[in-house]
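>>> Mind looking at a prediction? Sequence and model below.
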Amino acid sequence: MPEIKIALAGNPNAGKTTLFNHLTGARQHVGNYPGVTVEKKEGFFQHKGQEIHVVDLPGTYSLTAYSVEELVARDFLVGERPDVVVDVVDASNLERNLYLTVQFLELGVPLVLALNMVDVARSRGITIDTGKLSQLLGVPVVPIIARSGEGVEQLMDTVVAVAADNKATLSPALLRYGPDLDPVITKMTAIIGEHQLLTDLYPPRWTALKILEDDDQILDKIRKASPPLADELLQLSQTVTAHLQQTLDVYPEAIIADHRYGFIKSLLRQGVVTRQFRTDRLYASDRIDKVVTNRVLGPIIMALVLFGLYTFTFNYSSVFVDWLAAGFSWLGDLADTTLPDGPLKSMIISGAIDGVGGVLGFVPIIMFMFFGIAVLEDSGYLARVAFMMDRIFHFFGLHGSSVMPFIISGGIAGGCAVPGVLATRTLRSPKERMATLLTVPFMNCGAKLPVLTLLIGAFFSRHQARYMFLATVAAWLVALFAAKFLRMTVLKGASTPFVMELPPYRLPTLRGLMIHTWERTWEYIKKAGTVILGISILLWAMMTYPGLPEETRSAFDQKRQELSQIMSAEEMDRALLAIDQQQAEAALRHSLAGRIGTALESVSRVAGFDWRTNIALVGGFAAKEVIISTLGTAYSLGEVDPEASGSLKDRLIADPHWNPVTALAVLAFIMFYSPCFVTIVAIAREAGSWKWAFFSMAFNTVFAFILAVIIYQTGMLLGFGG
């Protein structure tokens, strides 16, 4: 039997990804759609011998291309033409979810409705007649509970049956849009059909609706396909728009949305939905929200939740971190004893094992952190965080929709600034959007997390969770005040209103949590094994070459010979060890990276950064994870005493230059200086100009350095550096 390709579509929080995980399990992979960083999830499974390829589309409320997610979902349906589209609908919020369903019907895709969370609907006293709903919509409707798998078998039976039916490609639904729009739609549909304008992609009536909705992508395609027809169709649209503005003070898209919701309401009132309880009944989610989103209790609960997340992460991951550190230490010792001396041995031990091993050593912490964040996401609590933060964001000149880019970028630690920058596309105000994308890099992304963990674990080990929590609070405060500064200077303008729908609370499934945790952890591991490995080896080369001049090496050799003639054997061992240490440090200083770090030291010393730290911070411009690997390489290249070898944390603690004040200054600088190179590129693309990308690099780095100087000088003045 040929493979069946299905697409899972639906609103955010409708349970689409839960169904996807239930169907595919481990047989799935995650990538990105071409040209954008929107996540693309694909998987495979078999149903009664039938191989099924399933694609989890981004969650959308509409097929009108207001956001990149909506555009990606629509382009996939039109370009890939899956055999069946499974529209996952939240049964407890049917009216809102069916808005997308109506658009699928108008597009004419082969459709199966998966009525998810029927258990939640029942608990709210809502009963849905799926047979009646199927009859009125003209498509199969299957009730399911994706979390437990109830009804999924029947759903897949229906999907296979629809895919096998040659008549599965439905005729597009014909909704009526009132006396003002219907005549125009009919006229535009006739013109589009007669000239075969985009008819290979879209039904003519659907294209007409998109023109009236002022859909940028469709308008661009029409202009490219036929400029004269585009002018004629746009003239019809502009005429009816002007008429609606004069008579009703609305735009066509508002009329279209109203009639779609009117169709849905009339459909639901035909015996589809019955309610046992009063509609004003406080459901469980509402009762919980009365507490967790309370103006006073909400922020306190949020702080406790975040502190609990960090406590859980550090208390339970430490033993695994120690095991990994011991494993990489053993691997380094093995390489040291088995490989012959030379550049290859140095590259493997200092460049690969100490460099990449330092990054991979934090995998347990990353896993525990991601697991905790997955619990917050899957339960619906993160949406409440966004809701609560909206009031604060407005004070700082931002929009409620700015909250999710901040969270995605690492607002609860462990995110990434690149998707955070791209998530700003949901903001309608250009100035709010610009202020958001310039400040999301201040969040503690997953790349910064190992560096913060290293320094906090080394110098503030008794209060790791407390310091990580304070680092998170500091990141939010700095980002918000930076946004306020930008909105008061270069990005002046008023804040726009924010409306958000809160999903119901759900009990996360262990399967879903494991899949989400592993996906994010695997991305981290892949980055360490590819990008970080490459940069680590490059930086090792920069820290190794050129070697010491012959006359300098000869001077060290001569000094050894002179000491051997005047010292006892025991004194000689200590003296030779000191000379070896001096030679290793001289070689590192003489290297290309050492020269850069030393040149910067004349400025950086006021912030407490020595030349080795400078090398790591310069590497951090490429990727923040490189800071760990570069420090590991720099300190291992200078290590000559085999009995003194240990983890990077131990080496930093033993180094006389490092102390709690220095660590705090370095922490502050790393948290807030220039975004990594990939984020800079993303900012340039989203802002439409490289000037904003360079502004971000300069603004962040200058601010971070000033903050580090203040911390170091104040701390040393008060005597905390001892």
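That came through, no problem.

>>> what is the mean pLDDT for stretch 656-664?
Average pLDDT, stretch 656-664: 89.

>>> With stretch 334-349 instead?
77.

>>> Can you give the distance from it to the centre of its chain?
When distances are taken as Cα atoms, centre = their mean, to the nearest Å, stretch 334-349 is centred 38 Å away from the chain's centroid.

>>> Give me the buried positions along that stretch.
346-349 (16 or more other Cβ atoms under 10 Å). C-beta coordinates here come from the backbone N, C-alpha and C atoms, glycine included.

>>> Just after the top helix by length along the chain, pick out the following helix or strand.
Looking across the chain with DSSP state H, the single longest helix is helix 297-338. Per DSSP states H and E, the first helix or strand lying C-terminal to helix 297-338 is helix 343-346.

>>> For that following helix, name the packing helices and strands.
helix 533-544 (3 or more Cβ pairs under 8 Å, 6 or more residues apart in numbering; DSSP states H and E).

>>> so for the helix it packs on, what's the average pLDDT?
On average, helix 533-544 scores 73.

>>> following it, which helix or strand shows up next?
helix 550-564.

>>> Which neighbouring elements make contact with that following helix?
By 3+ Cβ pairs under 8 Å, 6+ apart, helix 550-564 packs against helix 569-590.

>>> Now find how far off-centre the following helix or strand past the helix it packs on is within its chain.
As assigned by DSSP H and E, the chain's next helix or strand after helix 569-590 is helix 592-604. Relative to the centre of its chain, helix 592-604 is centred 34 Å away, using Cα atoms, centre = their mean.

>>> angle of helix 592-604 against helix 533-544?
Put simply, helix 592-604 runs at 80 degrees to helix 533-544, going by axes from the mean of the first three to the mean of the last three Cα atoms, to 10 degrees.

>>> what's the closest non-adjacent residue to L376?
Counting by Cβ to Cβ, 6 or more residues apart in numbering, L376 lies nearest to L382, which is 5.1 Å off, once chain neighbours are set aside.

>>> and the one you found, how far is that from V109?
Distance, L382 to V109, using Cβ to Cβ, to the nearest Å: 31 Å.

>>> What of F320?
Applying Cβ to Cβ to F320 and V109 gives a distance of 47 Å.

>>> thinking again about what came up before, gap between the longest helix of the chain and the chain center?
21 Å.

>>> so what does it touch, helix or strand wise?
Against helix 297-338 (3+ Cβ pairs under 8 Å, 6+ apart) you get helix 284-292, helix 354-360, helix 363-379, helix 381-395, helix 464-488.

>>> Redo the ones you listed as TSV? Include distance to C445, mean neighbour count and mean pLDDT.
As requested, these are exported to TSV (distance: least, Cβ to Cβ, whole Å; neighbours: other Cβ atoms under 10 Å; pLDDT from 0 to 100):
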stretch	distance to C445	mean neighbour count	mean pLDDT
helix 284-292	26	14	78
helix 354-360	14	27	66
helix 363-379	12	22	79
helix 381-395	16	19	77
helix 464-488	10	19	89
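
>>> how about those in a markdown table, adding distance to T613?
Formatted as a markdown table, those follow (distance: least, Cβ to Cβ, whole Å):
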| stretch | distance to T613 |
| --- | --- |
| helix 284-292 | 42 |
| helix 354-360 | 15 |
| helix 363-379 | 22 |
| helix 381-395 | 34 |
| helix 464-488 | 18 |
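
>>> so which helix or strand takes in the closest residue to G10 other than its chain neighbours?
Once flanking residues are discounted, G10 sits nearest to V88: 3.7 Å by Cβ to Cβ, 6+ apart. Assessed by DSSP H and E, V88 sits inside strand 84-90.

>>> which parts of that strand are buried?
Those would be 84-90, for strand 84-90 by 16+ other Cβ under 10 Å.

>>> Just give me the closest of the buried residues of stretch 334-349 to F459.
Nearest to F459 among the buried residues of stretch 334-349, counting by Cβ to Cβ, is I349 at 25.9 Å.

>>> separation between the closest one and G342?
11 Å.

>>> cool, A164 as well?
Distance from A164 to G342, by Cβ to Cβ: 65 Å.

>>> repeat for Q235
Taken as Cβ to Cβ, the span from Q235 to G342 is 77 Å.

>>> Next up, the contacts around L437.
L437 makes contacts with 405, 421, 424, 683, 686-687, as judged by Cβ atoms under 8 Å, 6 or more residues apart in numbering.

>>> can you rerun that using 7 Å?
L437 sits next to 421, 424, 683, 686-687 when contact means Cβ atoms under 7 Å, 6 or more residues apart in numbering.

>>> Including neighbour count, distance to D258 and pLDDT, could those residues go into TSV?
Output for these, formatted as TSV (neighbours: other Cβ atoms under 10 Å; distance: Cβ to Cβ, whole Å; pLDDT from 0 to 100):
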residue	neighbour count	distance to D258	pLDDT
V421	30	35	79
T424	28	29	77
I683	27	38	85
E686	18	33	78
A687	20	35	82
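
>>> circling back to that earlier point, for the residue nearest to G10, give the beta-bridge partners.
Beta-bridge partners recorded for V88 (DSSP bridges): G10, A114.

>>> okay but it is in contact with V112, surely?
No: shown here, V88 and V112 do not form a contact pair, counting by Cβ atoms under 7 Å, at 9.9 Å.

>>> still on that earlier bit, which pLDDT value goes with the residue nearest to G10?
So, for V88, pLDDT stands at 95.

>>> A73 versus that one, what's the distance?
12 Å.

>>> Which residue ranges of the stretch 151-300 of the chain form strands?
273-275 (DSSP state E, counting those that start in this stretch).

>>> Going along the chain, name the helices of it.
Along the stretch 151-300 of the chain, the stretches classed as helices by DSSP state H, counting those that start in this stretch are 152-164, 178-194, 204-212, 216-225, 227-247, 252-268, 284-292, 297-338.

>>> Just give the number of residues close to the nearest residue to L98 once chain neighbours are set aside.
Once flanking residues are discounted, L98 sits nearest to I264: 4.8 Å by Cβ to Cβ, 6+ apart. Counted with other Cβ atoms under 10 Å, the neighbours of I264 add up to 19.

>>> can you pull the contacts of I264?
I264 neighbours (Cβ under 7 Å, 6+ apart): 95, 98-99, 102.

>>> Alpha carbons only: can I get the strand holding V88 in CSV?
Output of strand 84-90 as CSV, limited to C-alpha atoms (Å, rounded to 0.1, in the frame of the first residue of the first chain):
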residue,chain,number,x,y,z
VAL,A,84,-5.7,14.2,4.7
VAL,A,85,-5.7,17.2,7.0
VAL,A,86,-6.6,16.3,10.6
ASP,A,87,-8.0,19.4,12.2
VAL,A,88,-7.4,19.0,16.0
VAL,A,89,-10.2,20.9,17.7
ASP,A,90,-10.5,21.7,21.4
